[in-house]
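J.: Generate a structure from the sequence data that follows.
(one chain, ligands or ions: 1)
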Amino acid sequence: MDEGKLYGRIRDSVMQGDAAAARALAAEALNAGIDPIAVLEKGFTPALRSVGDCWERGDLYLPEMILAAEAVKAALGVLKPRIRARAGSGAGGAVCVLGTVKGDIHDIGKNIVGTLLEAFGFTIVDLGTDVDPGRFVGAVRESGASLVGLSALLTSTMPQMNVIIEALREAGLRPGVRVAVGGAPLTPAYAAEIGADGYAEDGISALRLFQKLAAAVAATAAARAAGEVRDAL
Ligand code: B1M
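T.: Model prediction:
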């Protein structure tokens with residue numbers, strides 16, 4: 001199978017907002033033995049970005065962008081079970097509160113990140129989209145999460161990430177709770193500027209980042225426990 005050609009057909013299905021074709025192409029890719037994550041990151045994600053570029057240039061209208069997003073969601077429905085079946089471990093059951101920040105309803109990227117994390121052993125508390133900072137704080141307290149993942153796709157909503165990190169700090173949950181951020185307009189420099197613990201540009205790098213953060217949390221907890229035992233002796 002010519003993967004390049006397949007990704008071209010995937011791009012066409014998304015540009016045309018053809019959910020049935022997108023679903024069928026996802027199945028075709030899986031049947032050809034292509035990694036489901038590669039299908040997402042090399043096929044559907046760049047296709048949606050092209051749709052965004054066309055919309056920005058005025059080459060297509062908002063309803064067409066909505067149809068394109070629906071087509072990708074339909075394909076995700078086919079790919080998700082395979083991603084879950086590929087499951088790995090190593091997260092030690094770490095709990096991660098995940099959400100798209102207030103004012104922002106983009107959720108495809110966040111859902112991909114959530115699916116990957118879940119498949120690799122994380123427990124995900126997905127707060128959805130347009131999430132108020134207070135809800136992140138409440139969910140961390142309720143779930144005992146040690147990790148928070150924030151997604152933003154609009155330059156106008158990126159500053160919400162800073163607000164959420166501040167809210168976690170004010171609630172006394174930082175630096176114990178690690179925060180990772182992502183989304184198309186973000187940069188590593190912006191993540192550093194707002195005091196996040198990491199930035200990831202795509203699903204696979206998000207998985208690696210969260211695995212690193214979970215390991216750091218576990219190491220800190222182990223060091224603290226060892227210190228307590230020493231003090232007690
Ligand atoms: Co919107 N939109 N949109 N949109 N949309 C963008 C983001 C835009 C860049 C398009 C453009 O102009 N080229 C533009 C933002 C411009 C800006 O802010 N500078 C834009 C705009 C303007 C808007 C509206 C304001 C349009 C309007 O109404 N006038 C509106 C906003 C509504 C709101 O949120 N309040 C809007 C609405 C929509 C739709 C509803 C039509 C739809 C969203 C559907 C949905 O999500 N349920 C939509 C879409 C589809 C897009 C584009 C075309 C594609 C986004 C996407 O899903 N990409 C987008 C163009 C673009 O991104 N270039 C665009 C695929 C997805 C897999 O990638 O989300 O980047 P992404 O996620 C990646 C990585 O970023 C990373 O991993 C993911 C997997 O690889 N990642 C993380 C993401 N989150 C992470 C979190 C992490 C780690 C990694 O850690 C926690």
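J.: In the helix or strand of the chain with the lowest mean pLDDT, which residues are buried?
T.: The weakest-scoring helix or strand in the chain, judged by mean pLDDT, DSSP states H and E, is helix 203-232 (a mean of 88). Going by neighbour count (16 or more other Cβ atoms under 10 Å), the buried part of helix 203-232 is Gly203, Ile204, Ala206, Leu207, Leu209, Phe210, Gln211, Leu213, Ala214, Val217. Every C-beta, even on glycine, is put in place using the N, C-alpha and C of the backbone.
J.: what packs against it?
T.: On a contact count with 3 or more Cβ pairs under 8 Å, 6 or more residues apart in numbering; DSSP states H and E, helix 203-232 meets helix 108-119, strand 147-151, strand 178-182, strand 198-200.
J.: For Pro63, which of these is the nearest?
T.: helix 108-119 (17.0 Å; Cβ to Cβ).
J.: packing partners for the closest one?
T.: Packed against helix 108-119 by the contact rule (3+ Cβ pairs under 8 Å, 6+ apart) you find helix 45-57, helix 62-85, strand 95-100, strand 123-126, strand 147-151, helix 203-232.
J.: which residues touch the spatially most central residue of the chain?
T.: The centre of the chain sits closest to Val113, judged by Cα atoms, centre = their mean, with a distance of 2.9 Å. Val113 is in contact with Leu98, Gly149, Ser151, Gly182, Ala200, Gly203, Ala206, Leu207, counting by Cβ atoms under 8 Å, 6 or more residues apart in numbering.
J.: repeat for Lys42
T.: Contacts for Lys42 (Cβ under 8 Å, 6+ apart) come out as Glu3, Tyr7.
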